[in-house]
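S.K.: Quick one, structure for this:
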Amino acid sequence: MRRRLIQSTLAVVLVVIAVFGVSLVIVETRTITTTAQERVNSESVRLAGIVDGRILGDEQISAEILREQVGDARYAVIRIPGREAIEIGDEPDGDVIEHTARGEEGETVTVQEPRSQITREVGRTLLIIGAVALLAVIAAVLLALRQASRLASPLTDLAETAERLGSGDPRPRHKRYGVPELDRVADVLDASAERIGRMLTAERRLAADASHQLRTPLTALSMRLEEITLTDDPETVKEEATIALTQVERLTDVVERLLTNARDPRTGSAVTFDLDEVIQQQLAEWRPAYRGVGRAIVSSGKQHLQAVGTPGAVAQVLAALIENSLMHGGGTVALRTRVTGNQAVIEVTDEGPGVPADLGARIFERAISGRNSTGIGLAVARDLAEADGGRLEMLQAQPPVFGLFLSRTAPLKPEENAPTVR
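M.R.: A predicted model of the protein is given here:
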């Protein structure tokens with residue numbers, strides 16, 4: 001690329017020099033020739049006037065007297081009727097430019113100048129034009145080198161960054177180059193690196209959770225099946241099969257929880273937590289993205305609310321709503337908290353056009369999307385909310401308002417629901 005930039009810049013400069021240089025040479029050559037001819041014409045007329053004055057004044061006319069009136073490089077011939085021709089200077093050889101002026105007393109004055117004089121002037125002009133063209137070419141090459149270095153080096157860095165991303169190294173470089181277009185590409189690559197890093201972290205966590213949580217039910221299921229293969233007692237087979245079915249149900253439940261991320265991997269169950277912490281965490285995570293597009297994200301409403309659920313799942317639901325507002329909404333995004341009955345409500349709203357009328361309540365269905373998205377974000381968010389006994393609803397279509405309802409009272413434990421035996 002560096003060589004192409006230099007070659008293209010140099011080609012443009014050479015074309016400009018060729019077009020304007022040739023035109024300038026032609027114009028200057030004509031100008032020098034015309035000037036020389038006018039000079040010869042003027043000198044012959046002036047010399048004829050001097051001769052007229054001396055003839056009328058009956059003064060002496062000779063080559064010595066008139067020599068100072070003729071230029072050094074010129075040759076003049078004065079012809080007066082009844083007298084010998086008077087020659088001033090050396091007669092030039094070769095091609096000349098000349099002009100003959102006729103005086104009032106019948107005399108003629110012819111002035112000649114060799115074209116070699118014009119050729120020398122044209123040569124000096126060409127030399128000056130060539131020097132200027134050479135300086136222009138040198139300046140163009142230096143400028144092309146500077147621009148090529150300024151553009152090629154950042155592109156090389158960006159290519160290396162993209163290669164690093166492809167090889168599994170998602171660390172953002174946060175390097176900028178002072179060129180708006182290249183800086184935009186660098187921003188996109190850094191954002192992609194951060195997003196890939198988050199995705200890889202989530203996948204590694206999911207793989208670790210799957211390895212840990214699936215190992216136990218699979219081991220138990222394998223043991224029950226081995227017991228079945230080793231016994232001939234129908235009652236034992238029935239008992240072991242029943243236990244195996246229980247293990248299969250447990251395994252299915254674990255898989256569903258892993259696929260929907262419905263449980264916090266640290267606790268595996270719903271807990272009482274502070275909504276402010278989750279909301280402030282989401283604000284801190286999403287504020288740079290909103291600031292990058294010239295938008296804001298704020299929170300308001302009742303503070304220090306306690307809710308029951310999985311903090312990780314609630315955070316994922318809020319993240320899905322915030323990301324949805326970032327992609328499809330507009331203006332400021334607001335998170336408002338309030339209390340209704342025994343439920344804490346988090347409302348997420350923005351100033352965008354809202355949900356199209358043709359979507360309506362179907363917006364929570366899988367594969368339903370208002371734009372070029374996958375259509376699973378809100379569906380998964382609703383599943384996460386319902387997994388903790390809450391619910392996610394669209395309270396208003398235009399402007400859009402989504403509400404996440406969470407219980408404020410912890411569910412009773414099984415032993416608390418058991419009847420009291422007296």
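
S.K.: Can you give me the pLDDT of the residue of the chain positioned farthest from its centre?
M.R.: Distance from the centre of the chain peaks at Gly82, with 91.1 Å (Cα atoms, centre = their mean). pLDDT, Gly82: 77.

S.K.: Check Ser269 too.
M.R.: The model's pLDDT for Ser269 equals 56.

S.K.: Would you mind giving the secondary structure of the residue farthest from the centre of the chain?
M.R.: coil (DSSP: H, G, I helix; E, B strand; the rest coil).

S.K.: got the phi/psi numbers for Gln60?
M.R.: When read as degrees, to the nearest 10, the backbone of Gln60 gives phi -80, psi 140.

S.K.: what about the residue nearest to it when sequence neighbours are not counted, how many neighbours?
M.R.: Take Gln60 and drop its neighbours on the chain: the residue closest to it by Cβ to Cβ, 6 or more residues apart in numbering is Arg54, 7.3 Å away. For every residue, glycine as well, the C-beta is placed using N, CA and C. Arg54 has 17 neighbouring residues, counting by other Cβ atoms under 10 Å.

S.K.: Where does Arg54 sit, in terms of helix or strand?
M.R.: Taking DSSP states H and E as the definition, Arg54 sits inside helix 2-56.

S.K.: could you say what helices and strands that helix packs with?
M.R.: In terms of contacts (3 or more Cβ pairs under 8 Å, 6 or more residues apart in numbering; DSSP states H and E), helix 2-56 is packed against helix 63-66, strand 75-79, strand 96-102, strand 108-114, helix 115-166.

S.K.: Quick one: these as JSON lines, columns for mean neighbour count too.
M.R.: Formatted as JSON lines, those follow (neighbours: other Cβ atoms under 10 Å):
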{"stretch": "helix 63-66", "mean neighbour count": "14"}
{"stretch": "strand 75-79", "mean neighbour count": "21"}
{"stretch": "strand 96-102", "mean neighbour count": "17"}
{"stretch": "strand 108-114", "mean neighbour count": "22"}
{"stretch": "helix 115-166", "mean neighbour count": "14"}
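
S.K.: is it possible to export those to JSON lines including distance to Arg362 and mean pLDDT?
M.R.: Converted to JSON lines, those look like this (distance: least, Cβ to Cβ, whole Å; pLDDT from 0 to 100):
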{"stretch": "helix 63-66", "distance to Arg362": "111", "mean pLDDT": "78"}
{"stretch": "strand 75-79", "distance to Arg362": "105", "mean pLDDT": "87"}
{"stretch": "strand 96-102", "distance to Arg362": "94", "mean pLDDT": "87"}
{"stretch": "strand 108-114", "distance to Arg362": "97", "mean pLDDT": "87"}
{"stretch": "helix 115-166", "distance to Arg362": "36", "mean pLDDT": "81"}
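
S.K.: for those, which one sits closest to Arg184?
M.R.: helix 115-166 (10.7 Å; Cβ to Cβ).

S.K.: And Thr110, how far from Glu98?
M.R.: According to Cβ to Cβ, to the nearest Å, Thr110 stands 6 Å off from Glu98.

S.K.: what do you get for Thr242?
M.R.: For Thr242, the distance to Glu98 - Cβ to Cβ - is 130 Å.

S.K.: Need the helices and strands packed on helix 2-56 in CSV (columns: distance to Glu226).
M.R.: Compiled in CSV, these are given as follows (distance: least, Cβ to Cβ, whole Å):
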stretch, distance to Glu226
helix 63-66, 137
strand 75-79, 128
strand 96-102, 120
strand 108-114, 120
helix 115-166, 45
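
S.K.: Out of the ones you listed, the one nearest Thr33 is which?
M.R.: Among the helices and strands packed on helix 2-56, the nearest to Thr33 by Cβ to Cβ is helix 115-166 (5.8 Å).

S.K.: by contact count, what packs against that closest one?
M.R.: helix 2-56, strand 96-102, helix 180-230.

S.K.: Comparing those by mean pLDDT, which bottoms out?
M.R.: Looking at the helices and strands packed on helix 115-166, the weakest mean confidence is helix 180-230, a mean of 70.

S.K.: Could you find the closest non-adjacent residue to Gln303?
M.R.: Counting by Cβ to Cβ, 6+ apart, the residue nearest Gln303 is Asp276, at 5.8 Å.
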